[in-house]
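*Asks:* Dropping a prediction and its sequence here:
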Amino acid sequence: MTQQQAETVPPLTRLTEDEIILRDSVRAFADAQIRPLVREMDEHAKIPRTLLDALFDLGVMGIEVPESYGGAGGRFFHAVVAVEELSRVDPSIGVLVDVQNTLVINALLRWGTDDVKRRYLPKLAAKMVGAYALSEAGSGSDAFALATRAVATPDGYVLTGRKLWITNGNEADLFIVFANINPEAGYRGISAFIVERGFPGFTVGKKEDKLGIRASSTCELILEECRVPAANVLGEPGTGYKVAIETLNEGRIGIGAQMIGLSKGALEHAIQYTKERKQFGKAIADFQAVQFQLARAAVELEAATLTVYNAARLRDAGRPFLTEAAICKIYSSEVAERITSLAVNLFGGNGFVKEYPVEKLYRDQKIGQIYEGTSNLQLQTIAKQILG
Ligand SMILES: Cc1cc2nc3c(=O)[nH]c(=O)nc-3n(C[C@H](O)[C@H](O)[C@H](O)COP(=O)(O)OP(=O)(O)OC[C@H]3O[C@@H](n4cnc5c(N)ncnc54)[C@H](O)[C@@H]3O)c2cc1C
């Protein structure tokens, strides 16, 4: 292989110059501006508006929005880098940014008309938080059994139903809402609508009190004859199932990024603590048993990172990535459970109290096996691919 050929196949984890710049700036921001707020945000289950504004200023709320619309003009991989770095410090901020970029903006970029892009992308890059509303009380894994109805009127649609578990519900001003325009057609009646918070008939309901990612809001949405203009249908009517499948296939790579970021954060805490904490006259990191546990965590984190980066790079290269995305989500979330659990163990009693950071990461990781398709659903996708 010539030198030139070798250079056309860069190592998976080698970041480009612009990826390094983004990683370093998001890391510095997360350490300086988010870390001091983590505990308070967890306790009060709230992200302060000042922090949201700072995230917009940092440029991470419109990563793939083209520069002509005021965004950063980045690639999907940039979103992965940002979500990973933010989640290293606070996975609640990681998922806020993840939903904004990998679901909401992603869907608008792919399915939005020029008019939709012109009306919403500049706002999303500058100040508007977005949310993605598919799940309902009766339809989670079986997402296309959704019961929210959309009835056509001369100038648009009237939506009626309830959405559950909607991330960013509290902060969002724009919601991508999935509803069925023709239940007799089953999933082929599902359509995606862009709903603004101020549309008549739309309200944000109860906010959930959660085990982890507590600062990230998870809300019910209530649509009572909510009027949506025809120009706010995303994609063709009846193709909402495609919008949902395709965005979620990509979104779950973002959840993988959240999981490796929080694993990295937990491992860093564990390494620092075990070097400082002394028992039997020496640092607990001097015990080989502890060293091997940390080394195994590093092995698993490296492997999980490779699965996430691979899926993201395949996506940016326009290659198929469905199986790889499912693999990265299930694997990185399982690794996150093991690494955060180890971190709690290595902190001893201090691992179990809120004064130290690892109990929170242990609580935060659990969601990785649930949202954007549970682990069983990821296995179903992988099994379908490998069994043909
Ligand atoms: C914090 C949080 C944030 C969320 N954010 C959003 C959001 O922004 N937007 C949104 O639309 N939704 C969101 N969700 C919803 C989330 O995607 C669903 O909770 C998830 O898809 C699982 O659905 P469910 O809760 O109805 O569980 P169920 O579908 O009832 O699953 C329960 C159990 O049954 C298993 N199961 C179900 N079907 C099968 C099967 N066919 N084979 C094997 N096992 C199966 C599952 O794996 C799981 O273990 C969020 C949820 C939470 C908790």
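*Replies:* Happy to help now that I have it.
*Asks:* Can you name the residues that contact the residue of the stretch 101-250 of the chain found nearest the ligand?
*Replies:* Nearest residue of the stretch 101-250 of the chain to the ligand (Cβ to the nearest ligand atom) works out as residue 140 at 1.7 Å. (C-beta placed from N, C-alpha, C; glycine too.) Neighbouring residues of residue 140 by Cβ atoms under 8 Å, 6 or more residues apart in numbering: residue 165.
*Asks:* And the pLDDT for it?
*Replies:* For residue 140, the model assigns a pLDDT of 97.
*Asks:* What backbone torsions are found at it?
*Replies:* Main-chain dihedrals, residue 140, degrees, to the nearest 10: phi -110, psi -90.
*Asks:* Relative to residue 310, how far out is it?
*Replies:* 28 Å (Cβ to Cβ, to the nearest Å).
*Asks:* Residue 120 now?
*Replies:* With Cβ to Cβ as the criterion, residue 120 and residue 310 are 31 Å apart.
*Asks:* Just want to know which of the two has more residues nearby.
*Replies:* Shown here are residue 120 and residue 310; by other Cβ atoms under 10 Å, residue 120 has more neighbours (23 against 19).
*Asks:* Wasn't that one part of a strand?
*Replies:* No: assignment of residue 120 by DSSP: H, G, I helix; E, B strand; the rest coil gives helix, placing it outside any strand.
*Asks:* correct me, but it touches residue 174?
*Replies:* Yes: under the criterion of Cβ atoms under 8 Å, residue 120 makes contact with residue 174 at 6.3 Å.
*Asks:* Quick check: neighbours shared by those two?
*Replies:* Common contacts of residue 120 and residue 174 (Cβ under 8 Å, 6+ apart): 128, 194.
*Asks:* Could you pick out the residues of the protein near the ligand for me?
*Replies:* 99, 132-135, 140-141, 165-167, 210, 218, 367, 370-372, 374, 376-377 (Cβ under 6 Å from any ligand atom).
*Asks:* Would you write a ChimeraX line that selects the buried entries of these?
*Replies:* In ChimeraX, a selection of the buried entries from those looks like this (16 or more other Cβ atoms under 10 Å):
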select :99,132,133,134,135,140,165,166,167,210,218,367,371,372,374,377
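*Asks:* So what does the residue of the chain most remote from its centre look like in phi/psi?
*Replies:* Taking Cα atoms, centre = their mean, the residue of the chain most remote from its mean C-alpha position is residue 281, at 43.4 Å. With angles defined as degrees, to the nearest 10, residue 281 sits at phi 80, psi 10.
*Asks:* Return the subset of the residues of the chain next to the ligand lying in strands.
*Replies:* The strands, defined by DSSP state E, take in 132-133, 165-167, 218 from these.
*Asks:* Put together CSV for those residues, with pLDDT on each row.
*Replies:* Formatted as CSV, those follow (pLDDT from 0 to 100):
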residue, pLDDT
132, 98
133, 98
165, 98
166, 98
167, 98
218, 98
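*Asks:* ok, these vs residue 244, which is closest?
*Replies:* Nearest to residue 244, judged by Cβ to Cβ, of these is residue 132 at 8.8 Å.
*Asks:* Skip the chain neighbours and tell me the closest residue to that closest one.
*Replies:* The shortest distance from residue 132 to any non-neighbouring residue, by Cβ to Cβ, 6 or more residues apart in numbering, is to residue 103 (4.1 Å).
*Asks:* List the residues that contact that neighbour.
*Replies:* Residue 103 touches 130, 132, 176, 247-248, 251, 254, counting by Cβ under 8 Å, 6+ apart.
*Asks:* okay, the spatially most central residue of the chain: pLDDT?
*Replies:* Nearest to the geometric centre of the chain sits residue 98, at 3.5 Å (Cα atoms, centre = their mean). We have a pLDDT of 98 for residue 98.
*Asks:* check contacts around it.
*Replies:* 79, 83, 251, 254-255, 257-258.
*Asks:* Would you mind measuring from it to residue 248?
*Replies:* 12 Å.
*Asks:* Residue 81 too?
*Replies:* 21 Å.
*Asks:* When those two are compared, which one has more neighbours?
*Replies:* When residue 81 is set against residue 248 and neighbours are counted by other Cβ under 10 Å, the residue ahead is residue 81, at 27 against 20.
*Asks:* Need the nearest residue in space to the more buried one, chain neighbours excluded.
*Replies:* Nearest non-adjacent residue to residue 81 (Cβ to Cβ, 6+ apart): residue 23, at 5.0 Å.
*Asks:* For that neighbour, pull up the helix or strand it's in.
*Replies:* In the assignment (DSSP states H and E), residue 23 maps to helix 17-29.
*Asks:* Centre of the chain to stretch 83-95, how far?
*Replies:* Computed by Cα atoms, centre = their mean, to the nearest Å, the chain-centroid distance of stretch 83-95 equals 9 Å.
*Asks:* Distance from stretch 259-276 to the middle of the chain?
*Replies:* Relative to the centre of its chain, stretch 259-276 is centred 21 Å away, using Cα atoms, centre = their mean.
*Asks:* Mind checking the pLDDT average for it?
*Replies:* Mean predicted lDDT for stretch 259-276 stands at 98.
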